[in-house]
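Chemist: this is a predicted model, with the sequence first.
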Amino acid sequence: MPHKPRVLFLIDRRRWAFDFIAQAIADRLSTKYSFIFGYTGEGFRPGDMRFDLVYVFYWRDQSYIAAGIPSDKVIKEVASFRWREENFSRKTGFEALSCERFAEIYLQGVSVVTTPARSLFDELAPYCGELFLCPNGFEPALFRYRRDRYKNYKGLHVGWVGNPEDPCKGLSDVVVPACDGVELEATSGGWSRAKVSNLYSRCDVLAVASTAESQPLPLIEGMASGCFPVCTNVGIVSQLVSHGYNGLIVDRSIEAFRNAFAWCNANLTHVRRMGQFNAHYMRVVRDWDQCASRFDEIFTYVLSKQEGGVSLCRPNSNETHHGPMGILPPTAKDWESGFALMRLKRRLLLQARDLSAAWISLFMEMKWRGVVRTMGSRLPAKARNALKRWARFR
């Protein structure tokens, strides 16, 4: 039986975001790799364990250096801007760092650096020799659109997910004051994933007021569950949200969020329709079944570097060789032009696993019958047949 490379995941906290991401990767790549989970927050240290790769999730973790692990085995993820924030300075006693200084301190002894956000990728690129964009995904079995999500709510229902004690998240100083007269439901920081999933299914809008995150993960999960995001322009927001259409991007102020919630309340039909669109859109571009393949590419590349086969399998730095990771959200021009949007939907949905269902749902919501008649001959055969079945039962 061939040897499976052993990959050590260094994770800061159990049952937190990095742990969920690591579990998702391991579930999908376990036939090719053997995974070991080490929780540094519980005192884990690599020691004399045998492994072929080390994937470090938390940017402040430097235990791999203390353990003397060779740099050609180490992959480090940078999933936060906190190192340049004032909160980082107050919490740690260190000054907020420039990007160059951050790379000098925290990215030493590393073979490859990954990041889930294009904005972080652009900032780190001048200071990292080997940098790759590795988008994170969501679990479709847990975070999905539920048809009965609005049955108990006639008015706007806003949700917020995260650690309320973290000042970076903006719950107490931005979101709560902005929800005056609007129903708000927020997590306490210790909820199970099933309970968080149920919260998403009850909410029309997901509020994100973070300042220093590279994603955040609740944005992906909330959109996959059918939420309409109202958020600051942080992390991957600009990669997934087209302002005014499938979400709102606002300033980090009470007034801006209050105005956004008022707009959502006045346009509740649009908000809920686009929530359903978001669920299908995320299924195409952020399903872990697709995202995990990017990590496989990076693992294979680093292993090949150890063997001297670099030129044969180096992945593209900021996108995958295949799959939808480089697809951006619809622009205003796309939304205003039925034909342009149709071409965009075709690009997205050709990659969907459940093509027929996705086409039916989107066309039922958008009701572009004129576009369907005009473009019908150019659609894939599966899509044409699905539309015929939909029309028969309307």
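Modeler: Ah, there it is.
Chemist: buried residues in the longest helix belonging to the chain?
Modeler: The longest helix of the chain (DSSP state H) is helix 288-307. By neighbour count on 16 or more other Cβ atoms under 10 Å, the buried set for helix 288-307 is 288, 290-295, 297-303, 305. All C-beta atoms are positioned from the backbone trio N, CA, C, and that covers glycine.
Chemist: how about Val7, phi and psi?
Modeler: With angles defined as degrees, to the nearest 10, Val7 sits at phi -110, psi 120.
Chemist: quick check: the gap between it and Ala209.
Modeler: Taking Cβ to Cβ, to the nearest Å as the measure, Val7 falls 35 Å from Ala209.
Chemist: okay, Asp180: pLDDT?
Modeler: Model confidence at Asp180, given as pLDDT, is 85.
Chemist: helix or strand: which one has the residue lying closest to it once chain neighbours are set aside?
Modeler: In this structure, Asp180 finds its nearest non-sequential neighbour in Arg258, 6.9 Å apart by Cβ to Cβ, 6 or more residues apart in numbering. Counting by DSSP states H and E, the element that carries Arg258 is helix 254-266.
Chemist: any buried residues in that helix, and which?
Modeler: Those would be 254, 256-261, 264-265, for helix 254-266 by 16+ other Cβ under 10 Å.
Chemist: what does stretch 7-27 give?
Modeler: Neighbour-count burial for stretch 7-27 [16+ other Cβ under 10 Å]: 7-12, 16-26.
Chemist: picking that back up, which other helices and strands contact the helix holding Arg258?
Modeler: helix 176-178, strand 205-208, strand 228-231, strand 248-249 (3 or more Cβ pairs under 8 Å, 6 or more residues apart in numbering; DSSP states H and E).
Chemist: try it again at 6 Å.
Modeler: The contact analysis (3 or more Cβ pairs under 6 Å, 6 or more residues apart in numbering; DSSP states H and E) places helix 254-266 against helix 176-178.
Chemist: same question for the helix it packs on: list its buried residues.
Modeler: For helix 176-178, by 16+ other Cβ under 10 Å, it's 176, 178.
Chemist: what's the next secondary structure element after it?
Modeler: strand 183-186.
Chemist: now that next one: buried residues?
Modeler: 184, 186.
Chemist: partner strands of it, with direction?
Modeler: Using DSSP bridges, the strands paired with strand 183-186 in its sheet are strand 157-160 (parallel).
Chemist: which residues are in contact with the strand it pairs with?
Modeler: 171, 175, 179, 182-186, 199, 203-207 (Cβ atoms under 6 Å, 6 or more residues apart in numbering).
Chemist: and Val110, how close does it get to His157?
Modeler: 43 Å.
Chemist: and what of Leu10?
Modeler: 38 Å.
Chemist: need the buried ones from the contacts of strand 157-160 selected in PyMOL.
Modeler: Of the contacts of strand 157-160, the buried ones go into a single PyMOL selection, burial set by 16+ other Cβ under 10 Å:
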select buried, resi 171+175+179+182+184+186+199+203+204+205+206+207
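Chemist: which single one of the contacts of strand 157-160 is nearest to Met223?
Modeler: Leu206 (7.4 Å; Cβ to Cβ).
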